[in-house]
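Engineer: Model the following, please.
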Amino acid sequence: MTKLSWFNKVMFVLNIVLTVLTFAAYVLPFLAPKFFPFLSVLTLVMPLMLVFNLLFFMYWLFQARKQMLLSGLVLLLGITFINKFYKLSSLDLTVEESDFTVMSYNVRMFDLYEWIDDKYIPEKISDFVKDQNPDIICIQEYSGNLADFDQYRYKFIFFENKNNKMGQAIYSKFPIVEKGDIHFPNSGNNVIFADIKKGKDTVRVYSMHMQSIKISPDVHEIDEDLNQIDKKKSKMIFRRMSQAFKEQQQQAELFKEHKNSCPYPQIICGDMNNSAFSYVYRSIKGQLNDSFEEAGSGFGTTYNFKYYPARIDYIFTDKKMKIKSFKNFTNFVNSDHYPIMARMSFE
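Structural biologist: Prediction:
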């Protein structure tokens, strides 16, 4: 560093710090969050860290300095993560009669509490589903009798208890031969499933809604002293996020135990409330295919977050199925999530 200017010395120190944090983020998907709940936050911003590493690489490259090797090595080791964040081109294979489509959509209770200034949200969602006409649709944060899905002959609607206004639903054009749920202790979140008969094949479809990471604290829990509000808010957010990561791990372990006993090929849909770089994602996905990685394009954004292309909703499929196309409908803004849909067939 003796040959570097004082400014470049500062830049190189920042580059080293970023490198250490990025390597930590590479390792975290393989480590249970209960051991490092705070560090698990890094997996949420891994794409951003990769972008900053690229900028550092270009910065040193234009100066023809060997420091570029540091970020260059980080980017080389992280190349397998790129497709989880961004796809250059989509796949859209020929439609065949044996194909079927699966949609997953967190509808935020069809805007029951009027977060959006539009009283026709349930009708718009109903019309959208009719236009896209998926063969199977998994709905998270479902609220009863607000939207019309009468085009589906078979359905499974589940609420934890009769007092709950929020549940989950699976609608299908094919017969549902078995159904059930996976209860998560001390949580309003859960997983439901339906064994669906399509021709000679039976497939188990899971719809999951994992624990929220609770980025927004309850304003009533924050002291009204303006000098303390930012500090208290930050501590509260990180404490809640750390707890949520541990709860997600417990939920993922319960789900894996249930999934491993399933005799059928599986499709897993839903809102995992975590990134594709997380331990929870890796644990739940297992050996299944990620539909976005197989056939998507762009950032694959599924959550309406203003400054960051967050992908927290997924459709995973068994290796016995071929993914032919994948869409995320970012132009359909009637919830805090975007609908996603995959077209597939049995191979």
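
Engineer: Phi first, then psi, for residue 193.
Structural biologist: Note on residue 193: backbone dihedrals following degrees, to the nearest 10 are phi -150, psi 160.

Engineer: which residues does it form a beta bridge with?
Structural biologist: residue 180, residue 206 (DSSP bridges).

Engineer: Neighbours of it, how many?
Structural biologist: 29 (other C-beta atoms under 10 Å). Backbone N, C-alpha and C define where each C-beta goes, glycine included.

Engineer: Please apply the same query to residue 39.
Structural biologist: 17.

Engineer: quick one: it and residue 145, what's the gap?
Structural biologist: Distance, residue 39 to residue 145, using C-beta to C-beta, to the nearest Å: 44 Å.

Engineer: Does residue 163 lie in a helix or a strand, and which?
Structural biologist: Under the criterion DSSP states H and E, no helix or strand holds residue 163.

Engineer: Check it and give its pLDDT.
Structural biologist: Per-residue confidence (pLDDT) for residue 163: 80.

Engineer: Can you list the low-confidence ranges for the stretch 101-250 of the chain?
Structural biologist: Of all residues in the stretch 101-250 of the chain, those with pLDDT under 70 make up the ranges 214-235.

Engineer: Give me the helices and strands touching the host helix or strand of residue 322, please.
Structural biologist: Assigned by DSSP H and E, residue 322 falls within strand 321-328. For strand 321-328, the elements it packs on are helix 291-295, strand 340-346, judged by 3 or more C-beta pairs under 8 Å, 6 or more residues apart in numbering; DSSP states H and E.

Engineer: Next, count neighbours for residue 171.
Structural biologist: With other C-beta under 10 Å as criterion, residue 171 counts 23.

Engineer: Show me what it is bridged to.
Structural biologist: Where residue 171 sits in a bridge, its partners, by DSSP bridges, are residue 137, residue 155.

Engineer: so how far is residue 78 from it?
Structural biologist: Per C-beta to C-beta, residue 171 is found 39 Å from residue 78.

Engineer: give me the element residue 257 is part of.
Structural biologist: In this assignment (DSSP H and E), residue 257 forms part of helix 226-260.

Engineer: Show me which residues of that helix are buried.
Structural biologist: 233, 236-237, 240-242, 244-252, 254-255, 259 (16 or more other C-beta atoms under 10 Å).

Engineer: Please apply the same query to stretch 49-64.
Structural biologist: Judged by neighbour count (16+ other C-beta under 10 Å), stretch 49-64 contains these buried residues: 49, 50, 52, 53, 56, 57, 59, 60.

Engineer: Enumerate every residue touching the third one.
Structural biologist: Shown here is residue 52, whose contacts under the criterion C-beta atoms under 8 Å, 6 or more residues apart in numbering are residue 18.

Engineer: wait, is it part of a helix?
Structural biologist: Yes. When DSSP: H, G, I helix; E, B strand; the rest coil is applied, residue 52 is found to be in a helix.

Engineer: Would you check how far apart it and residue 14 are?
Structural biologist: In terms of C-beta to C-beta, residue 52 sits 9 Å off from residue 14.
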